[in-house]
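K.L.:
just coords:
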Ligand SMILES: [Zn+2]
């Protein structure tokens, strides 16, 4: 008989479910579609039904479920387990999601924001395992992240810290949807890297194979830029390297503030693996100050999109496992 925690990762399209043991070993992850038209009740029912399946499996094997962790998009009231807003599901305003999961399952539950849950997943089972001081940067449509210091997630005084995508990287730079100018994510997310590159192609009409891709399918993405770079396209190589340098600049600022053991890159753009991390490491080393030797490592995440559910279970272990 073993103790397990259940992790639920609520995404815009799918909800992922996993059971983990105390050492972070994870069961096979399964997913159910996110019901977008059933309101809060329909959403909670789907989450409970997936979690109940894992609870039933545990019971059948003689295992004991000690708690449930829920990773959710926000904004959230973490202390009270409440989803304050969730734009893509009607009626998701001030919804006590934690208790709507906890009560029918008869198990204690904890709510965590999805970016923190993914960071915590890399900490307990992924590229950050063994590093108690860790920064995880998610490079997707936007840039998100999580900070773990001394083995604990960092929230800040008002629980809105660790919004790494909205650090100001370029003073008075590109306008961000958040209202600021020059946010990190305007320079380092997959979406904005592609947008910036398309803007430059439209303005300067450089010699690049990317122009042909834009002509045929209307747009390019980060993968197109990397593929053109790998095929020897000089403009694409420069665009890719510029993004790597922006990323390294952000990583240097994070290193100055937090002195992490590792900075782990995840999200869609991190799928480029060595193509991304090697130029980031090079710029990161070049930008490092001359006061101490570089000890922080920049690494690619190992869990991919499974980090959120494994991390949600990890947060439950943290809260209920002692
Ligand atoms: Zn911003």
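P.N.:
It's in. A quick note: this is a predicted structure, and the numbers were derived from the prediction, not measured. Numbering: from 1, shown residues only.
K.L.:
need the residues of the stretch 101-250 of the chain near the ion, please.
P.N.:
Proximity of the stretch 101-250 of the chain to the ion, by C-beta under 5 Å from the ion, involves residues 166, 176, 178, 180, 183. Every C-beta, even on glycine, is put in place using the N, C-alpha and C of the backbone.
K.L.:
Strands along this protein, start to end?
P.N.:
Applying DSSP state E to the chain gives strands spanning 3-10, 14-20, 30-33, 64-72, 76-77, 82-85, 93-95, 109-113, 134-139, 143-149, 152-153, 262-266, 297-300.
K.L.:
related to what we said a few turns ago, mind checking which of the residues of the stretch 101-250 of the chain next to the ion are buried?
P.N.:
Neighbour-count burial (16 or more other C-beta atoms under 10 Å) is assigned, among these, to 166, 176, 183.
K.L.:
What is the longest helix seen in the chain packed up against?
P.N.:
Criterion DSSP state H: the longest helix present in the chain is helix 234-258. Applying 3 or more C-beta pairs under 8 Å, 6 or more residues apart in numbering; DSSP states H and E, we find helix 234-258 packed against strand 134-139, helix 185-188, helix 190-204, helix 209-217, helix 222-230, strand 262-266, helix 274-287.
K.L.:
now those in CSV, with mean pLDDT, distance to residue 108 and mean neighbour count?
P.N.:
Shown next, in CSV, are these (pLDDT from 0 to 100; distance: least, C-beta to C-beta, whole Å; neighbours: other C-beta atoms under 10 Å):
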stretch, mean pLDDT, distance to residue 108, mean neighbour count
strand 134-139, 96, 26, 29
helix 185-188, 93, 35, 27
helix 190-204, 94, 37, 18
helix 209-217, 96, 49, 14
helix 222-230, 96, 40, 20
strand 262-266, 97, 28, 27
helix 274-287, 98, 38, 17
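K.L.:
per-domain residue ranges of this protein.
P.N.:
The record's domain split for the chain, according to automatic domain parsing, is 3-123+306-320, 127-302.
K.L.:
could you dump the residues of the stretch 101-250 of the chain next to the ion to TSV with pLDDT?
P.N.:
Shown next, in TSV, are those (pLDDT from 0 to 100):
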residue	pLDDT
166	94
176	93
178	89
180	96
183	96
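K.L.:
returning to that earlier point: with respect to burial, which of the domains of the chain scores highest?
P.N.:
domain 3-123+306-320 (a mean of 20; mean count of other C-beta atoms under 10 Å).
K.L.:
if we can go back for a sec, give me the distance from the longest helix of the chain to the chain's centre.
P.N.:
The chain centroid and the centroid of helix 234-258 are separated by 18 Å under C-alpha atoms, centre = their mean, to the nearest Å.
K.L.:
check contacts around the residue nearest to residue 183 when sequence neighbours are not counted.
P.N.:
Spatial nearest neighbour of residue 183, chain neighbours left out: residue 176 (3.9 Å); criterion: C-beta to C-beta, 6 or more residues apart in numbering. Listed by C-beta atoms under 8 Å, 6 or more residues apart in numbering, the contact partners of residue 176 are 166, 182, 183, 185, 186.
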